[in-house]
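In: sequence isn't available, so here's the structure alone:
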Ligand SMILES: Nc1ncnc2c1ncn2[C@@H]1O[C@H](COP(=O)(O)OP(=O)(O)O)[C@@H](O)[C@H]1O
Ligand SMILES: Nc1ncnc2c1ncn2[C@@H]1O[C@H](COP(=O)(O)OP(=O)(O)O)[C@@H](O)[C@H]1O
Ligand SMILES: Nc1ncnc2c1ncn2[C@@H]1O[C@H](COP(=O)(O)OP(=O)(O)O)[C@@H](O)[C@H]1O
């Protein structure tokens, strides 16, 4: 569980409400079926350390340093997912739109990181808010103060286990790389006809505001976190006051469980993509009177490179979400991640061979991603054996989903809506089936996040449509966005 | 040395024979010239820990966590080798077979990981077997039990240093990624004419059974491990009973030494490839009356990406085979790995310039791999200076070997037989020349493993040939496997 | 700060001069504003350990192992930069020179590592020299001795915290990967017309001698290190003797500060490139009477892959330069690195859209690199907020610089001179503006290193020109170096 | 027999092919070409320098037809390839003296 | 002089070239084209949707020959390019009025 | 009307185009081809085996011109494409019976 709430508590003057929430959370997490807190428990020394220097000489430092290193490495792995997205999307689109796709992906990662610094982090993990919405400000004080660690104001707590199992900076970097993925998902779905300017605005709003607000509901201590009311042995909700006074919970109702973001990241991105695609319409020539005319991707090697890099990066995406290098958890999470991805690919290969009568490479590639998205919500809660089942079902779903969306004339060149949206939902439900989560809780979470993503993105797209326009002209689409938007070609001799 | 035997001992009810073997192994490894056991020694706390939680608070945990993290990272690095293989093979083959190659590589990694879960791991490291053969079952109990770590049955030992320097899961993941490489080696050699279905069956049997059985001889406590009989000061074999009773060995006869698998992985893959190629025959039009007509690879950038990724991954392949993050060992192993790779490339460049009269890029690329395969058996035992020599010889060998196989009309589009088979043998011998291993032992190991790989693969290929067929039709070969097998093209505009 | 000087002191019989230098350095570093020494302090146990085995059981080992692991991982990340350079350069050049470019890059990394072993490391970090020049010999004794760690001569200090926060081997590997980057920078600038043989000689001399000599001035304890004379409260230089006798410095004059090498690596490479380009002349047909005729890169996806890999690798380049896994420092360095890169890209996108009127992908790609080069000197000293400013300015500079060099008919196909040379200077100055370094010191460092690089490279190129020639014939240039130099084509069908 | 060389806009290929198939044309040979004409190229930009791309992608169809069919086919191409915008392309008719089907050795009309 | 346009199967190029070289043809110009004819294309599949590829890869040879040589050359091409299977391709003969060797300015037969 | 087929060296394209534009040629169609001729190919090497590449990259220009303009244009091409070295290429002149501008349906000279 992303117990980022800890940060909020230690850093900020928290109001009553938050304290209550936090204490209930604390109890919740102690008793949690999927307790992942051993790591932090062990590495939080009981006696407060006075300076970073003395922390480094304390017993817990060695583990802290390993934890922190892992979070950084996970950030690098998630970073490489952006190259994965860029190459996958390029590969599955036409030659004439390649420069445009690469440019969009360069923009997303750079805008994502900078906007996360400027507004995202504090929106995502707000110190004090109503559970639904708070727009954060830029990172300042604690973030930059500690540059000089001898003398001056120095918020060294942010660098030690008093903050978390890693430094404030590692936290930022990992979450920033994470955040930018939401917009990347959309990029693929709207490719080959979206107006560059409109996309850039949409992506910025989505990453800086949409994703971080929705994320705060679950990981920032928002209302999805509080879904898990404490219940007594008879199943009645225990009042906050009673909890505070020390009452112990017997169980929890409807807790929404989404380990690394099948819903909070992937379904979010998938449904934001769906909304934008619906406003945008399909590519010219895709759906004709004589049926669906496939628009073939221009380079399967690029697409394959993309998928393998995404698979690699997912070890950081899921493994890093453990938020420590806890040996048990990261090992298990990486195993379930790999098993689900591989099962997803095998299932896609099999299903596409049976249904389409051909072993379809692009489906096999999507199968890996389907398995990965599918296991993301329960990578820590689903057993290895069941992660194979989860992944395989995901890999089967994605084939049918891609075909179905195509039939419904929802034109998604890379299959992002199916892979991230549909498999994101499946993955979240899978935690209820195979990982012991509350089905009600999962459904509430899925509906809230997906609906929000859809509405947010739809509204945004409509506004853009009626202002700067969201779609290039027919002529520009035909000549390709590379020439019409960038005056550049991707390949030459 | 891959002392996986430790697992077998602690996890299973071992028979007499195995105990004996293990104790002799223990002594052997203590006194071993290339002892790599310091890490485990240090991180194995003397007092048994009761729960994972208390283990985390124990002294040894910090080192354990680092060790475990490294094994996971090594698994990721070996994973990325699969992308390396996929792009190298694609690059060195024709455009019209690219989808097929990518598909095969997607299959290999997914089938490899799943089959290793289902049967491979327990075949590779059988708890109790005759030294030659035991077919394992799926991972179950210990592997999945520990999902809930509070209450219930929990085999926490698998998560602590009682098992190894890493968790059971990390062990699985690393070994699974490793295992799949054997089939990938074959993939390149048989490319451009093998029937997809036949390849898939061959690869599955090879990874799930062939590789794991052969691997168990060396790393699973099989007969190659016991080659190293304990000798007394006069060179006589010490009886097992005497050893048990405490007799100390003075030296060991004929121990087969293969650190990370020059023979057990690479020569295995190379000779399996040779057998399949012999059954399959050369590509149409390669060997004509008027001589050899090169079939040129369609993308050198893809091939180069592949080789650099393989080089990168090899740090995990060799470095991870230390089976801990022991500072001395992993650092040295990474250094010898890099030096051998670079020396191999320089040697290939030089030799190809002298022999072929042109600085041949594809030979330079193979030179890196030759150096890497060459150092794999002795990465921990050969000194840095000698690793340069080992790599350089390997890089020279590969040029002559590729040319020789071509003259012998063994058609291997990517040079896999030379790179993995021939250089694998050379690398294993090099440990005798430069690393102090027994030449006899090395030869016995090479012969047993290579012969087994060849026979296994040959028999399998023959069976496939007489049933589903191993080769596409002439017409399909001409049109390319992409269209004939997949109905897809890799590139379009 | 790269306090490699520690190694020199403990390993070698140092002369008076060096001792003085070292002691002043010690004081300097203790009081340093940007002290990065906490890590080493903490991990250096006070009581000397006797063997590597006992070191492993000592308290500091856990941290040491993590530090060492990080340095190795950083080496892998820097290694992957070489693939980044290879693909970026290939992508931005013409199809017909691709094999040549890939070959050069294969050569650079292999020659770089081997020559660093043979001569570079001991030139870079000489034990005892005049502050300006010492040509090192091959690594021998300590490097290879420790292969056998039980019995025999064993310089185990090199494997423990007595040497540094990592082993001698990790040190070598990281620095070797680092070193090879200097020649890679040149490779891009001279691409498409340089004679292969001339380039190989130039690159070898540059990496083995030029870079290591210049590097020794700063990181090897040379004269740039001593720029930071100790001053008393009145601003007068404190005599060495007084310092020795215990006098405490109040401040330091003109210290040259270059954390990971904006000047020492990048400006060095950039100005070496400039010199070679000036000797070489522009590509045929680039500058015509009717103006500049762009020679378009043949694959933007390759170029984008290159830039993302370089970005990834830079986490190792900068993060590894911390020379430990110190949680505070590596986290902060990775954050400033990422922020500067992203700000650089955004700035390049903006500026190119404003100036060129098109969102230029190749400029966006260069913008990432500009930001990265820009922050390299002060990644540890510049605050996150200011790292955004530093990166953004760098990203803006690079656009104007590329256009300006083109106007000046300095033909640099990949923009290496601008990205590495000009932004390297800017980055070094930025530490004075935003990171508290002495402007004078920075300027001295920039001038010395850049001038040396320029002169060294220019002289070398002239010699080559008058001997073997530096440029292919017009006809060869036209047909492409792939055919004329290698008799191979990069792409075929 | 005549050889019709038709230069058309790339995205019209499918339509033209269908129109021809409809009136019974059973064979044609297609190549990707670059055209220079009244339809001006565009300005591209690369690393800060502008340059003009004069040549635009076009498709060249080569169809050998019997003299009788010529006009019908020309009409069909014009009708299906026309957008009315500059750059639609040209038709050129060239005499063909002989034609052979390689498979059978058939000659003349039979060979088409 | 005549221009022979030969459409052949790609993998026959080498053979045809050798056959022509043998009978003394010293020059030709080759392009990659796509052919549409009786030989039907194939069905491809992409992400679950089928589509037909009507155009098959072919090679077009253009050879300008002296009138005397014409028949010999046509025969040589037919013989070397024939597989007997559908899609073998065509030969078209077109009159050429003039030819010039750019290097020397030579004209007519001399230019070939 | 005549069709000029010009085979030239690739790097001469720009020059030829400029020369033609100068004398008022407003249209042409260009394709990438491979040429076989007296200019011999080169030997390449791949993984230790040598092979000969007989075909060299060339550019083919197709320009339909009015009869009056023919000589002027031929001259312009020869002048701009000539390097004097082997492999400079050829010009072939072929009769054109009809031409149509697809956009307008204009015919003959008007269509060029
Ligand atoms: N004289 C010519 N000879 C050969 N091809 C020509 C000629 N004129 C035009 N073309 C081809 O026809 C295409 C369209 O011609 P253009 O003048 O641009 O427009 P339009 O067809 O509307 O007159 C050109 O791109 C070129 O390929
Ligand atoms: N009328 C035609 N005009 C131009 N090219 C043609 C014509 N008919 C056939 N071709 C070319 O010849 C090739 C082979 O023709 P096809 O009808 O498939 O088989 P075959 O040559 O056996 O009759 C086609 O792919 C096409 O390129
Ligand atoms: N008889 C021919 N028919 C068609 N194309 C030819 C013929 N002869 C030469 N060519 C083309 O002209 C090019 C140049 O011819 P070549 O004989 O090499 O040199 P040159 O033009 O100097 O005589 C060839 O590469 C080929 O494309």
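Out: Sure thing, it's come through. Quick caveat: nothing in here was measured; it's all calculated off a predicted structure. Ligands and ions are numbered 1, 2, ... in the order given.

In: list the contacts for the residue nearest to residue A:266 when sequence neighbours are not counted?
Out: Leaving aside its chain neighbours, residue A:266 sits nearest to residue A:424 (3.6 Å; criterion: C-beta to C-beta, 6 or more residues apart in numbering or on different chains). Bear in mind the C-beta positions are built from the backbone N, C-alpha and C, glycine included. With contacts defined as C-beta atoms under 8 Å, 6 or more residues apart in numbering or on different chains, the neighbours of residue A:424 are A:262, A:263, A:265, A:266, A:267, A:268, A:269, A:270, A:373, A:376, A:377.

In: so is the longest helix along chain A next to chain B?
Out: Secondary structure assigned by DSSP state H gives helix A:61-92 as the longest helix of chain A. Yes. Using C-beta under 8 Å from any C-beta of the partner chain, helix A:61-92 reaches chain B at A:62, A:63, A:66, A:67, A:69, A:70, A:73, A:77.

In: would TSV of these with pLDDT be doable?
Out: Formatted as TSV, these follow (pLDDT from 0 to 100):
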residue	pLDDT
A:62	94
A:63	95
A:66	97
A:67	97
A:69	98
A:70	98
A:73	98
A:77	98
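
In: highest neighbour count among those?
Out: residue A:66 (36 neighbours; other C-beta atoms under 10 Å in any protein chain shown).

In: ok, back up a step: buried ones in the helix or strand that comes right after the longest helix of chain A?
Out: Proceeding N to C from helix A:61-92, the next assigned helix or strand is helix A:98-115, under DSSP states H and E. By neighbour count on 16 or more other C-beta atoms under 10 Å in any protein chain shown, the buried set for helix A:98-115 is A:98-115.

In: pLDDT below threshold where in the chain?
Out: In the absence of a named chain, chain A is used. Where chain A drops to pLDDT under 70, the residues are A:1-50, A:140-156, A:228-233, A:235-237, A:240, A:243-244, A:249-253.

In: just the closest residue of it to ligand 1, please.
Out: residue A:479 (14.2 Å; C-beta to the nearest ligand atom).

In: thought residue A:381 was touching residue A:259?
Out: Yes. Assessed by C-beta atoms under 8 Å, residue A:381 is found in contact with residue A:259 at 6.6 Å.

In: mind listing the shared neighbours of those two?
Out: Contacts common to residue A:381 and residue A:259, judged by C-beta under 8 Å, 6+ apart, are residue A:431.

In: all the helices of chain D, in order from the start?
Out: Counting by DSSP H, the helices of chain D are D:13-22, D:70-81.

In: next one: the stretch 251-400 of chain A
Out: Applying DSSP state H, counting those that start in this stretch to the stretch 251-400 of chain A gives helices spanning A:268-280, A:300-320, A:327-355, A:361-376, A:384-407.

In: chain B is nearest to which of the helices of chain D?
Out: Closest to chain B of the helices of chain D, according to C-beta to the nearest C-beta: helix D:13-22, at 12.0 Å.

In: not counting sequence-adjacent ones, nearest residue to residue A:99?
Out: Nearest to residue A:99 is residue A:482, by C-beta to C-beta, 6+ apart, at 4.0 Å.

In: what's the burial count for that neighbour?
Out: Residue A:482: 25 neighbours (other C-beta under 10 Å).

In: could you measure it against chain B, distance?
Out: Residue A:482 sits 12 Å away from chain B, taking C-beta to the nearest C-beta, to the nearest Å as the criterion.

In: can you check residue D:24 too?
Out: Distance check for residue D:24 against chain B: by C-beta to the nearest C-beta, it reads 28 Å.

In: who's in contact with that residue?
Out: residue D:69.

In: quick check: it vs chain A, distance?
Out: 20 Å.

In: next up, the contacts around the closest residue to residue A:491 other than its chain neighbours.
Out: Among residues not flanking residue A:491 along the chain, residue C:299 sits closest, at 5.7 Å (C-beta to C-beta, 6+ apart). By C-beta under 8 Å, 6+ apart, the contact set of residue C:299 is A:490, A:491, B:301, C:90, C:91, C:95.

In: count the neighbours of the second one for me.
Out: Look at residue A:491: counted by other C-beta under 10 Å, it has 21 neighbours.

In: ok, back up a step: looking at the contacts of residue C:299, state which has the most neighbours.
Out: Among the contacts of residue C:299, residue C:90 has the most neighbours (other C-beta under 10 Å), with 32 neighbours.

In: which residue does chain D bring closest to chain B?
Out: For chain D, C-beta to the nearest C-beta, closest residue to chain B: residue D:32, 8.3 Å.

In: isn't that residue right up against residue D:56?
Out: No. Here residue D:32 does not reach residue D:56: they are 11.6 Å apart, not a contact under C-beta under 8 Å.

In: re the thing from before, next, format the helices of the stretch 251-400 of chain A as TSV and append distance to residue C:447.
Out: What follows is the helices of the stretch 251-400 of chain A, written out as TSV (distance: least, C-beta to C-beta, whole Å):
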stretch	distance to residue C:447
helix A:268-280	50
helix A:300-320	42
helix A:327-355	48
helix A:361-376	52
helix A:384-407	59
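
In: between those, which gets nearest to residue D:51?
Out: Taking C-beta to C-beta, helix A:300-320 is the member of those nearest to residue D:51, at 26.4 Å.

In: just checking, what packs against the closest one?
Out: helix A:61-92, helix A:168-189, helix A:327-355, helix A:361-376, helix B:61-92, helix B:98-115 (3 or more C-beta pairs under 8 Å, 6 or more residues apart in numbering or on different chains; DSSP states H and E).

In: can you rerun that using 7 Å?
Out: Using 3 or more C-beta pairs under 7 Å, 6 or more residues apart in numbering or on different chains; DSSP states H and E, the elements in contact with helix A:300-320 are helix A:61-92, helix A:327-355, helix A:361-376, helix B:61-92, helix B:98-115.

In: got the contact list for residue A:352?
Out: A:359, A:360, A:363, A:399 (C-beta atoms under 7 Å, 6 or more residues apart in numbering or on different chains).

In: which of the residues you listed count as buried?
Out: A:359, A:360, A:363, A:399.

In: which among these gets closest to residue E:95?
Out: For these, the nearest to residue E:95 is residue A:360 (50.0 Å; C-beta to C-beta).

In: tell me how many other residues crowd the closest residue to residue D:109 other than its chain neighbours.
Out: Counting by C-beta to C-beta, 6+ apart, the nearest residue to residue D:109 once its immediate chain neighbours are dropped is residue D:66, at 5.4 Å. Around residue D:66 there are 13 other residues, counting by other C-beta under 10 Å.

In: for residue D:66, give me the pLDDT.
Out: According to the prediction, residue D:66 has pLDDT 94.

In: and the stretch 201-350 of chain A, which of its residues are near chain E?
Out: Proximity of the stretch 201-350 of chain A to chain E (C-beta under 7 Å from any C-beta of the partner chain) is limited to residues A:292, A:293, A:294, A:296.
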